[in-house]
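In: Show me how the following folds:
(chains A and B)
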Amino acid sequence: MFKVLRDLLRYNREFLFGTLLILIILGLVVASFFAPYDEMMTYAVIPDMPPGPEYWLGTNSRGQDMFWQLAASMRNTLMFGLVVAIISRIIAIVVGLVSGYVGGKTDQIIMAFNDTLGALPNIPILLLLVFVMRDQMTWGVLALTAALLGWTHDSRLIRSAALSLRTREFTRHAAFSGMRTGQVLFREHLPYVMPIVFFTTMNNLIWAIGLEVTLSILGFSDINRPTIGGMIYWANAHSAMVAGIWWWIAVPMLAVVILFLGLFLLAMSVNEYIDPRSRLARMGA
Amino acid sequence: MNGYLNYVAKRFGQFVFVVVTGVTLSFLIAHFSPVDPVEQTVSLLTNFGATDPRTVEVLRQSLRELYGTDGSLISQYFLFWGRVLRGDFGPSLSAFPTPVMTIIGRALPWTIGLLTLATLISWVIGNLLGAIAGYFRNSRAIKLVGLFVMALQPIPTYITGLTLLIVFGFLWPILPISGGAQLNLTPAASWAYISSVIQYGTLPALTLVLVGMGGWFVSMRSLVSNIVTDDYVVYAELAGVPSRTVFSQYVARNAMLPQVTGLALSLGNVFGGAVIVEFIFNYPGIGKLMIAGIYAGDYSLVLGVTTFSVIAVATAVFLIDILYPLIDPRVKLG
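Out: A predicted model of the protein is given here:
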């Protein structure tokens, strides 16, 4: 595992660059634990100060230091993405493995349900839910909903891998030696689909964070809890662009670009590593 | 032909299944809402001055019938289906008493126009670039273009849109950033109106194209780079077929077909992106309508738009699906 990482860092420029970008983000997340004041607090510092030696990224009209605000936002936004990714990964793995292993009619029914859920447009349904829940809409509920919507594509990928594992020799051995279905899936099949799971996690993370950013920019999440989208929401609410406080918009936007570019580069290079065909192409075969 | 009918029937079953699930989900979410549209309207109408309690009671009764919130859960559910099939989502609250369907009908052409154009453009550009990148794998310039195209794709639609808005609206103001057409022009088939629509649509469409083409690029590139190593392509190259012909007739044509299926699968996501884009650029389509409805607390409008868009997306997917075998003769019918 470490050797793989070292090789990727040494020979894959995208991976190196992505790692650096994500390290910046992680540095921010760590910094957020050393914030001098509470992240929810307003009017803690002088408002509307441009970026300078005292306030690195400036301060906003709500009297918050942009640096600490950004750090806390990054932590919360990443947290959201991770929760969504973990929950939806669990669903995708269970559905994919079971559907692929059991096969037949059960597989058909599960996949029909899977495709139906995947065909529904997410944004309108999430917006309806947000509308209905109003103030009861916490980030936890939002994360759970996003997780429930975001697994269908990946479970299909996992199922197609499981489908081929089902007919392999070792599966038959395991079944004949008296392993229960759960054990076969968990102990024998799961390791095989793990590369797919890792790869889809990156994409799911990107999707979930994008969703969170979008919904909080529209003001459809807990607006007092600092998030990247929430920062842009408040900047819009105070007409920061018109008022000339450009750093209020620029800082979160730049952070989003760094975060997404980093995640994307990592996902791409890991995918390239996992896919043997592109690995061969890289070696010049 | 029989095989094709079977295929269509199967797809139609899937379509019905998606619509039923979507409508049921919308109904259930709306039903367990703490917002009661009837009480909301009553308080809106009785806001000004005291009203006779008996009048309020009559009002409440007729509003319940109007919104279909009478009776048990099951009967409400079937009532809701009846309304969906008739295309009647009740009156809008924020524009009382205009029916929701009328408002949707007004916004629909904008969204359909924007979505169709942007999706087609991004599909064509993304696939073309992807095919070139997959075929000429060793060109540095193409690699650079590819990296740029792919890097744009994961960035949320809102960020891309806002960047374009700031660049072309504030820093270098050459394009209109808000609305669907110049307000003082009446909709007509005149050149002035059409060119205004195109001008106003440029930035929203550009946002959707920039965000959308990366996905096509990636999948097309990998499809093409798989095909390039196929025997028949190698044979054609060795036989001296010009590389331009190999590219367009042998490689790109075969790789393009799965991308049509991808088009159907991506529509739901594209629609979500359009909702956001319309909000940023204040574009008078379905998405802006929905977000405005949420801000205004307009229950029937939000429920109507959600249900409608679920059905519309499912219909579009179904149409692409049934057209697909007509393009690809290899698809297994049955």
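In: With A:Leu126 as the reference, measure out to B:Thr202.
Out: In this view, B:Thr202 and A:Leu126 are 28 Å apart by C-beta to C-beta, to the nearest Å. Glycine gets a C-beta too; all of them are placed from N, C-alpha and C.
In: hang on, I meant A:Ala243
Out: 31 Å.
In: same check, this time on A:Asp154
Out: 19 Å.
In: Of those two, which one has the most company?
Out: The neighbour count for A:Asp154 versus A:Leu126, taken as other C-beta atoms under 10 Å in any protein chain shown, is higher for A:Asp154 (24 against 21).
In: helix or strand for that one, which one?
Out: helix A:152-166 (DSSP states H and E).
In: ok, and the closest non-adjacent residue to the residue in the stretch 151-300 of chain B that chain A sits nearest to?
Out: Closest approach between the stretch 151-300 of chain B and chain A, counting by C-beta to the nearest C-beta: B:Gly272, at 3.2 Å. Spatially, and ignoring its direct neighbours in sequence, B:Gly272 is nearest to A:Ile123 (3.2 Å; C-beta to C-beta, 6 or more residues apart in numbering or on different chains).
In: Show the subsequent helix or strand relative to the helix or strand harbouring A:His173.
Out: Element membership of A:His173, judged by DSSP H and E, is helix A:169-176. Following helix A:169-176 in sequence order, the next helix or strand is helix A:181-183 (DSSP H and E).
In: And that next one, what does it pack against?
Out: In terms of contacts (3 or more C-beta pairs under 8 Å, 6 or more residues apart in numbering or on different chains; DSSP states H and E), helix A:181-183 is packed against no helix or strand at all.
In: Centre of the chain to that helix, how far?
Out: 29 Å (C-alpha atoms, centre = their mean, to the nearest Å).
In: For stretch A:120-138, list the C-alpha coordinates in CSV.
Out: C-alpha atoms of stretch A:120-138 as CSV (Å, rounded to 0.1, in the frame of the first residue of the first chain):
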residue,chain,number,x,y,z
LEU,A,120,-35.3,10.3,-10.7
PRO,A,121,-33.8,13.9,-10.9
ASN,A,122,-32.2,14.5,-7.5
ILE,A,123,-32.3,18.3,-7.3
PRO,A,124,-36.1,18.7,-7.6
ILE,A,125,-36.7,16.0,-5.0
LEU,A,126,-34.1,17.4,-2.6
LEU,A,127,-35.6,20.9,-3.1
LEU,A,128,-39.1,19.6,-2.4
LEU,A,129,-37.8,18.0,0.8
VAL,A,130,-36.0,21.1,1.9
PHE,A,131,-39.1,23.1,1.3
VAL,A,132,-41.2,20.7,3.3
MET,A,133,-38.8,20.4,6.2
ARG,A,134,-38.0,24.1,6.5
ASP,A,135,-36.2,24.7,9.8
GLN,A,136,-36.1,21.1,10.8
MET,A,137,-33.6,20.6,7.9
THR,A,138,-30.3,20.0,9.7
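In: And the pLDDT at the residue in the stretch 51-200 of chain A that chain B sits nearest to?
Out: Nearest residue of the stretch 51-200 of chain A to chain B: A:Ile123, at 3.2 Å (C-beta to the nearest C-beta). pLDDT, A:Ile123: 85.
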